[in-house]
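*Asks:* sequence below, structure please.
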Amino acid sequence: MELADIPYTAAAADRQRQLDVYAPPSAVHAVPRPPLVVFLHGGAWRAEDKAEHRQLALNLVAATGFAVAVPNYRLTPRDPPDDDHFRHPGHAEDALHALSFLVAWQGPSAAGPFYDPSRLYLIGHSCSAHMLSSIFLDSKAVSPSLTPPPELVQSVKGIVLSEGIYDLDLLLADFPDYLQWFIRPTFGTRESYTPFSTTTFPLIATHIKWLIIHSKGDTLVNLPQSEAIYRHLVDLNGNEASARVYRNTDNLSAEHNDIFLAQDYAHIVKEFILNCGAV
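*Replies:* Model prediction:
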């Protein structure tokens with residue numbers, strides 16, 4: 001089953017605030033209802049569309065047997081003339097609205113939802129890894145609009161962050177051209193972007209498990225980004241880190257988005273979800 005272009009805000013006609021849902025036939029009448037997987041795409045806060053990730057969603061459905069939602073979110077315009085345009089935290093606010101919608105949504109008919117809204121597993125790729133870690137770590141000191149409601153926090157059981165951006169100043173030290181390409185348009189003109197680096201944010205929930213994925217073949221975002229967020233999450237979780245924080249930096253070797261082309265990515269996600277206790 002595929003449901004396309006479901007609006008998650010009152011702006012029903014805005015494609016950038018719509019989502020698609022994919023579900024196996026078994027999910028429709030399953031008892032108990034299965035969890036929901038949500039995939040947020042990358043694209044440097046300025047590109048990509050949910051439809052481009054249809055095959056990945058189908059791979060995740062096939063691997064897990066669970067429904068998969070793929071939201072869009074509004075994008076920063078290419079080459080904006082100044083700082084007066086759509087930018088951070090707007091993209092992550094849209095993602096937060098999409099997640100809150102999915103927790104409350106009653107499905108396409110009066111039959112009710114075909115997934116358990118109290119069991120969500122989230123995937124953020126590239127810039128969306130920054131978005132999810134800005135929402136589910138405590139960023140309220142810099143972005144109070146990204147504070148998630150308690151019912152959403154409790155619903156999220158696991159978060160996968162793949163090929164992610166987390167420490168913006170570290171990223172610019174390694175890729176200085178990214179400043180003009182997407183960091184300045186997304187976060188504005190600043191001497192330092194440390195306030196937006198999610199490797200500084202506190203923990204807001206101890207029940208959420210985390211998986212950090214990074215491909216050895218990624219040339220667009222390098223491994224130090226994933227190492228930084230992994231160390232931060234380990235430090236935050238203290239003695240419980242071995243049971244809450246995982247990483248996979250050895251099994252994938254394709255380029256940044258090419259990791260989705262094979263089945264390996266979906267199976268890594270599946271194993272993590274099962275390790276979180278989902279059945």
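
*Asks:* where are the low-confidence patches of this protein?
*Replies:* Applying pLDDT under 70 to the chain flags the ranges 110-112, 279.

*Asks:* how much space between the closest residue to residue 241 other than its chain neighbours and residue 190?
*Replies:* For residue 241, ignoring the flanking residues on the chain, the nearest one in space by Cβ to Cβ, 6 or more residues apart in numbering is residue 234 at 4.3 Å. For every residue, glycine as well, the C-beta is placed using N, CA and C. Using Cβ to Cβ, to the nearest Å, one obtains 28 Å as the distance from residue 234 to residue 190.

*Asks:* now residue 182. Nearest residue, chain neighbours left out?
*Replies:* Leaving aside its sequence neighbours, residue 182 sits nearest to residue 44 (Cβ to Cβ, 6+ apart; 4.1 Å).

*Asks:* quick one: contacts for the one you found?
*Replies:* For residue 44, the contacting residues are 126, 127, 181, 182, 186, by Cβ atoms under 8 Å, 6 or more residues apart in numbering.

*Asks:* now the phi/psi pair for the residue positioned nearest the centre of the chain, please.
*Replies:* The chain has residue 124 as the residue nearest its centroid, 2.2 Å off, counting by Cα atoms, centre = their mean. Dihedral pair for residue 124: phi -120, psi 130, per degrees, to the nearest 10.

*Asks:* please name the bridge partners of it.
*Replies:* Residue 124 has these beta-bridge partners by DSSP bridges: residue 40, residue 161.

*Asks:* ok, now which ones touch it?
*Replies:* Residue 124 sits next to 40, 130, 131, 132, 133, 159, 160, 161, 162, 164 when contact means Cβ under 8 Å, 6+ apart.

*Asks:* okay, those in JSON lines with neighbour count next?
*Replies:* Below are these laid out as JSON lines (neighbours: other Cβ atoms under 10 Å):
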{"residue": "40", "neighbour count": "28"}
{"residue": "130", "neighbour count": "28"}
{"residue": "131", "neighbour count": "29"}
{"residue": "132", "neighbour count": "26"}
{"residue": "133", "neighbour count": "25"}
{"residue": "159", "neighbour count": "25"}
{"residue": "160", "neighbour count": "26"}
{"residue": "161", "neighbour count": "31"}
{"residue": "162", "neighbour count": "28"}
{"residue": "164", "neighbour count": "26"}
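
*Asks:* pick the one among the residues you listed closest to residue 204.
*Replies:* Lowest distance from residue 204 to the contacts of residue 124 (Cβ to Cβ) belongs to residue 133, with 10.9 Å.

*Asks:* wait, doesn't the closest one sit right on residue 203?
*Replies:* No: checked against Cβ atoms under 8 Å, the pair residue 133 and residue 203 is beyond contact range at 10.9 Å.

*Asks:* so where does residue 3 fall, helix or strand?
*Replies:* Using DSSP states H and E, residue 3 sits in strand 2-7.

*Asks:* for that strand, which strands pair with it and how are they oriented?
*Replies:* Take DSSP bridges as the rule and strand 2-7 pairs in its sheet with strand 18-22 (antiparallel).

*Asks:* quick one on the thing from earlier: let me know the closest of the contacts of residue 44 to residue 257.
*Replies:* residue 126 (8.0 Å).

*Asks:* give the contact list for the closest one.
*Replies:* Residues near residue 126 by Cβ under 8 Å, 6+ apart: 41, 42, 43, 44, 162, 163, 164, 165, 220, 221, 256.

*Asks:* what do you get for residue 71?
*Replies:* Counted by Cβ under 8 Å, 6+ apart, residue 71 has contacts 8, 18, 19, 38, 40, 50, 94, 95, 98.

*Asks:* separation between it and residue 203?
*Replies:* As judged by Cβ to Cβ, residue 71 and residue 203 stand 25 Å apart.

*Asks:* kindly report the same for residue 235.
*Replies:* Using Cβ to Cβ, residue 235 is found at 10 Å from residue 203.

*Asks:* show me where the stretch 101-250 of the chain has strands.
*Replies:* Taking DSSP state E, counting those that start in this stretch, the strands of the stretch 101-250 of the chain run over residues 120-125, 156-162, 209-213, 245-248.

*Asks:* and the first one, how far out from the chain's middle?
*Replies:* Taking the mean C-alpha point of strand 120-125 and that of its whole chain, the gap between them comes to 5 Å (Cα atoms, centre = their mean, to the nearest Å).

*Asks:* check the second one too.
*Replies:* A distance of 7 Å separates the C-alpha centroid of strand 156-162 from that of its chain, computed with Cα atoms, centre = their mean.
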